[in-house]
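S.K.: Okay, here's the prediction I keep looking at, along with the sequence it came from:
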Amino acid sequence: MSPLVWHLRNRVIHFGRRPLVMGIVNVTPDSFSDGGRFFDPSAAVAHALQLIRDGADILDIGGESTRPGAAPVSLADELQRVVPVVAELAQRTDVPLSVDTMKAEVARASLAAGAAVINDVAGFRDPAMVAVAREFRAGAVVMHMRGEPATMQHNPQYSDVVAEVTGYLQERLRVLGESGIPPERVCLDPGIGFGKTLEHNLTLLANLNTVADLHRPVCLGVSRKGFIGKLCGRELTERDPGSLAVGCFAAARGAAHILRVHDVRGARDAAVLLDAIDQHKH
């Protein structure tokens, strides 16, 4: 099988043994994980630059919380939050910038400001979002979500969560390909915690190779999620070790190629060690 590559506008990412680290930059007053600490654009930029120093391979910048029960943010507010941060970072770093948004207008403005990736938790179901990704030749992170953030945790049900999530992502790959976004521009995200119970999350994680078998890089976002808190009895600020354990489990099995995390330094160290150990296999 040929090595995985991911095309992002004017660059190509080649995946090796080491998972890449995507650092989370929340420019929101109500983020579930950092409580709005980086809501001010200058604070968000400073935080992002620190994440790069900590070893982030990609930055994911978002201006609308997608935590369970989150209320939507207006287009004007999201543009005001995200675009200045993207624009300044594009001037100050060569690290690829991803914009975490469900709004085509925010994606367009962010790409125009220098972003290279659209991370759409709605899975590019909006034709306008598909058009923006096609026009800019952007990388696309396509996620599975049952429902909307405000309602996604209201009794989600599946007959076979692994088959349904994998089938959905496979279908999105097909539709996007027919819409002018070839597979090499697409990264897949199973959407852990998005319209899924604790059992659904664990079942998906245990069988994540099924998603990886679609031969596209898999982005795994479990950082500080609720199921880790439930299983470990940890508050938000205490969930980084558990988050890292889940990421290492998936990466070591070849089922996750990008770890989307808050604790970039820890994830980077883990990724380096996974790679070093893997190189010494007989």
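M.R.: Great, that's in hand.

S.K.: What ranges does the stretch 51-200 of the chain have for its helices?
M.R.: Listed in chain order, the helices of the stretch 51-200 of the chain (DSSP state H, counting those that start in this stretch) span 75-92, 104-113, 127-136, 161-178, 198-206.

S.K.: got the end-to-end distance for stretch 184-199?
M.R.: The separation between the terminal residues of stretch 184-199, taken as CA to CA, to the nearest Å, is 32 Å.

S.K.: just for the stretch 51-200 of the chain, where's the confidence low?
M.R.: Counting by pLDDT under 70, the ranges of the stretch 51-200 of the chain that qualify are 150, 152.

S.K.: Using CSV, lay out the helices of the stretch 51-200 of the chain together with mean neighbour count and distance to residue 68.
M.R.: Using the backbone N, CA and C atoms, a C-beta is placed for each residue, glycine as well. Compiled in CSV, the helices of the stretch 51-200 of the chain are given as follows (neighbours: other CB atoms under 10 Å; distance: least, CB to CB, whole Å):
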stretch, mean neighbour count, distance to residue 68
helix 75-92, 19, 19
helix 104-113, 22, 21
helix 127-136, 18, 22
helix 161-178, 17, 17
helix 198-206, 18, 12
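
S.K.: Which of those sits closest to residue 59?
M.R.: With CB to CB as the measure, helix 75-92 is the member of these nearest residue 59 (6.8 Å).

S.K.: ok so, going back, so can I have JSON lines of the helices of the stretch 51-200 of the chain showing distance to residue 155?
M.R.: As requested, the helices of the stretch 51-200 of the chain are exported to JSON lines (distance: least, CB to CB, whole Å):
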{"stretch": "helix 75-92", "distance to residue 155": "29"}
{"stretch": "helix 104-113", "distance to residue 155": "30"}
{"stretch": "helix 127-136", "distance to residue 155": "28"}
{"stretch": "helix 161-178", "distance to residue 155": "14"}
{"stretch": "helix 198-206", "distance to residue 155": "12"}
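
S.K.: closest one to residue 143 among those?
M.R.: Relative to residue 143, the nearest member of the helices of the stretch 51-200 of the chain by CB to CB is helix 161-178, separated by 8.6 Å.

S.K.: Check which helices and strands that closest one is in contact with.
M.R.: For helix 161-178, the elements it packs on are strand 139-143, strand 186-189, helix 198-206, helix 209-212, judged by 3 or more CB pairs under 8 Å, 6 or more residues apart in numbering; DSSP states H and E.

S.K.: Name the residues linked to residue 142 by a beta bridge.
M.R.: residue 120, residue 188 (DSSP bridges).

S.K.: Return the residues in contact with it.
M.R.: Applying CB atoms under 8 Å, 6 or more residues apart in numbering, one finds that residue 142 lies in contact with 120, 123-124, 169, 172-173, 176, 186-189.

S.K.: Setting aside sequence neighbours, what's the nearest residue to residue 196?
M.R.: Here the nearest residue to residue 196 in space, its sequence neighbours aside, is residue 156; by CB to CB, 6 or more residues apart in numbering that works out to 5.7 Å.

S.K.: Can you get me a residue count around residue 52?
M.R.: For residue 52, the number of neighbouring residues by other CB atoms under 10 Å comes to 18.

S.K.: in stretch 117-127, what's buried?
M.R.: By 16 or more other CB atoms under 10 Å, the buried positions in stretch 117-127 come out as 117-124.

S.K.: who's in contact with that stretch?
M.R.: 8, 58, 60, 62, 66, 96-102, 104, 107, 110-111, 129-130, 132-133, 138-145, 149, 168, 172, 176, 179, 181, 187, 189, 191, 194, 219.

S.K.: hey, C-alpha coordinates of it in PDB?
M.R.: Listed in PDB are the C-alpha atoms of stretch 117-127, where the atom choice follows Å, rounded to 0.1, in the frame of the first residue of the first chain:
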ATOM      1  CA  VAL A 117      -7.500  23.300   6.000                       C
ATOM      2  CA  ILE A 118     -11.200  23.400   6.700                       C
ATOM      3  CA  ASN A 119     -12.200  21.200   9.700                       C
ATOM      4  CA  ASP A 120     -15.900  20.900   9.400                       C
ATOM      5  CA  VAL A 121     -17.700  18.900  12.200                       C
ATOM      6  CA  ALA A 122     -20.800  18.900  10.000                       C
ATOM      7  CA  GLY A 123     -18.900  16.700   7.500                       C
ATOM      8  CA  PHE A 124     -19.100  19.000   4.400                       C
ATOM      9  CA  ARG A 125     -22.800  18.500   4.000                       C
ATOM     10  CA  ASP A 126     -23.300  22.100   3.100                       C
ATOM     11  CA  PRO A 127     -22.700  22.500  -0.700                       C
END
